[in-house]
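Q: only the shape, not the letters, is given here:
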DNA sequence: CTTGCGCGTGAAATCGATTTCTGCAACGCT
DNA sequence: AGCGTTGCAGAAATCGATTTCACGCGCAAG
């Protein structure tokens, strides 16, 4: 592992000059040539740790997500990586597991390792970003907003998405529409449920809070919530499920109960992962996960490069679609 | 951000003593107390970059995987994280995207950032690990073996798994059993196909190479391969699919063709991700992804801590199971 | 009563880069 | 001709920790 001193010696210049060749360019073409030749000969690449120590920040950005096993977040991670890599940054993926303490630990690490910036989908409304802000590290919130903090954010319109999904169920003639949303301390869960209420009200129906279930954003949560709904004295005839994994669980229960999205209205917020069987009759709010990641990374890179305009919140569009009733009719 | 010098000043000792309090313990209890009090007061945490520069390695381990969107690898990542975190290490997830060049770049970064060690599921047989070995960084190969290199590895028995899966199909009475396996330059793909051949031969059947398809290890690969198989003049009556995502694709095609694992024999290597519908009659080779990750991390940490026994290859067991025919009969 | 060893401690070197400071030379301007 | 720029390059400081070296003290062995 060649160092800058060895390159300097071989090229017959000082280490400072070698550094200048690779960073600024106030170096005569003559010496620059010598340095480049020497560097090539020794296969020199600067030690990132030393550079980081001096520069006070590395070329790594941290991406903190609450559930690495949720394809929505891995897809988002791909987006972040796309943008970061092409700018010469690498991405560290940190899985907070929806746990505020674990998340805090990763935030500390990001600071202590002098990472260039952080993109975070906060584990909960109570997530504490102050360690970052007080050290003026660039931060971009993604998917889950900056609740109160004045930082950049990339979001989708959760309320509108929830409303569109629920309205589609109304249009299909369902009357008693339930809702399975996420934990009550997660903002996206609240907004999506608000959309459900909006849609019902604007259709002249009254949202029945007994048909609103909160669950964790995972498969087992969706399963349990759907079981509770179906066990009600007056069960719903349709349901809006506010996240992709919960939809998987809810669908399992629905099929187990001998029903399917063709008879029991089913709308999901987020694409079903690896859906071996795209259920017919199901309405889906497509969330542009990868684009969200790309956007967030681009904004973060701007900040890292000194952009100091006031923080912005970018809201990306959702598309809503309903599978044709007969799409995979033979599955029945 | 307090430094070691500020702590030293406040405690009335030298920086060296502060460092010793946190690392070795050749310090009198009296001074140690002073130092700890001062450190607590200033909320001191050592700057990881400076430590890494001096120590020549950080407390980060890199995990390089070929497909972050494959739940098998995210599950493996969870296992790595479990073990690493409890040892005070953090994990950087790098997605090589089955691309040897991208992988090489991540390997370089791991070296230049002085990461403590690397766990890698190689993108292909041609992956070049020499940059790591020549700098004597600890490396553990996981899932995909060390083809020729003398390093630690954590594997499953791909050949036995392929054989067990195929044998299950034979037992269920299928005669013309096809195989969809991964890219021919990926070792696990070769071994699983070998298992398929073994099972057929030991059942007195002759493996028909026309029924062997190679595809990428993703959903679209499985879909395309299954389409080719079904389009054959004499299509198979059953298929062994050598990875989880390809199984999803193959199943989609199977259902589209009006069939299902109850009539068309279907065995998969690896659990179906988020299977909304666990197909009845399907045989699955369960791969202990999380345990593989934990094992690999533990081995790596041993190496980092100076273990210099000869390299070992650990082979974990697969479990094979077949869904009852009538499990979800109502889905039909 | 010395010699020697071990222990605790501080001073200083070290890791490998970047960046500031300083000096020198060439050039242009009055 | 004298003076202020400008440009280039080396010397040295710097980032913040760890680790080596050296010193002084106390205690035990000779």
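A: In hand now; what should we look at? What you are looking at is a predicted structure, and each value in this text was computed from that prediction instead of being measured.
Q: name the element the residue lying closest to residue A:104 once chain neighbours are set aside belongs to?
A: Take residue A:104 and drop its neighbours on the chain: the residue closest to it by C-beta to C-beta, 6 or more residues apart in numbering or on different chains is residue A:128, 6.2 Å away. To be clear about C-beta, it is placed using only N, CA and C from the backbone, and glycine gets the same treatment. For residue A:128, there is no host helix or strand (DSSP states H and E).
Q: what residues are up against residue A:128?
A: The neighbours of residue A:128, taking C-beta atoms under 8 Å, 6 or more residues apart in numbering or on different chains as the test, are A:100, A:104, A:107.
Q: and the nearest residue to the first one once chain neighbours are set aside, how many neighbours?
A: It refers to residue A:100. Distances taken as C-beta to C-beta, 6+ apart place residue A:123 nearest to residue A:100, at 5.2 Å, with adjacent residues excluded. Neighbour count for residue A:123, taken as other C-beta atoms under 10 Å in any protein chain shown: 24.
Q: how far away is residue A:123 from residue A:79?
A: Relative to residue A:79, residue A:123 is positioned 20 Å away (C-beta to C-beta, to the nearest Å).
Q: now rank the contacts of residue A:128 by neighbours and give me the top one.
A: In terms of neighbours by other C-beta under 10 Å, those top out with residue A:107 at 24 neighbours.
Q: surely that one touches residue A:118?
A: Yes - if you go by C-beta atoms under 8 Å, residue A:107 and residue A:118 touch, sitting 7.1 Å apart.
Q: find residues that contact each of the two.
A: Residues within reach of residue A:107 and of residue A:118 at once, by C-beta under 8 Å, 6+ apart, are A:64, A:132.
Q: is residue A:180 in a helix, a strand, or coil?
A: Assigned by DSSP: H, G, I helix; E, B strand; the rest coil, the conformation of residue A:180 is strand.
Q: same question but for residue A:119, I mixed them up
A: Under three-state DSSP, residue A:119 falls in the strand class.
Q: I figured it hits residue A:73, correct?
A: No - the pair formed by residue A:119 and residue A:73 falls short of the contact definition of C-beta under 8 Å, at 11.2 Å.
Q: low-confidence ranges in chain A?
A: A:275-278, A:325-332 (pLDDT under 70).
Q: now it against chain B: closest residue?
A: residue A:93 (3.9 Å; C-beta to the nearest C-beta).
Q: with adjacent residues omitted, what lies nearest to that residue?
A: residue B:93 (3.9 Å).
Q: enumerate the residues of the stretch 51-200 of chain A near chain B.
A: A:52-53, A:58, A:60, A:68-69, A:71, A:74-75, A:77-78, A:81, A:90, A:92-95, A:106, A:108-109, A:111-114, A:135 (C-beta under 8 Å from any C-beta of the partner chain).
Q: out of those, which are buried?
A: Buried by 16 or more other C-beta atoms under 10 Å in any protein chain shown: A:52-53, A:58, A:60, A:68-69, A:71, A:74-75, A:77-78, A:81, A:90, A:92-95, A:106, A:109, A:111-114, out of these.
Q: ok, and which of the residues you listed reach DNA strand C?
A: residue A:53 (C-beta under 7 Å from any atom of the strand).
Q: just give me the neighbour total for residue A:3.
A: With other C-beta under 10 Å as criterion, residue A:3 counts 15.
Q: please disregard the earlier target; I meant residue A:126.
A: Residue A:126 has 10 nearby residues by other C-beta under 10 Å.
Q: what distance do you get for residue A:184 to residue A:216?
A: Distance, residue A:184 to residue A:216, by C-beta to C-beta: 11 Å.
Q: isn't residue A:100 up against residue A:120?
A: No - contact between residue A:100 and residue A:120 fails when scored by C-beta under 8 Å: they sit 11.9 Å apart.
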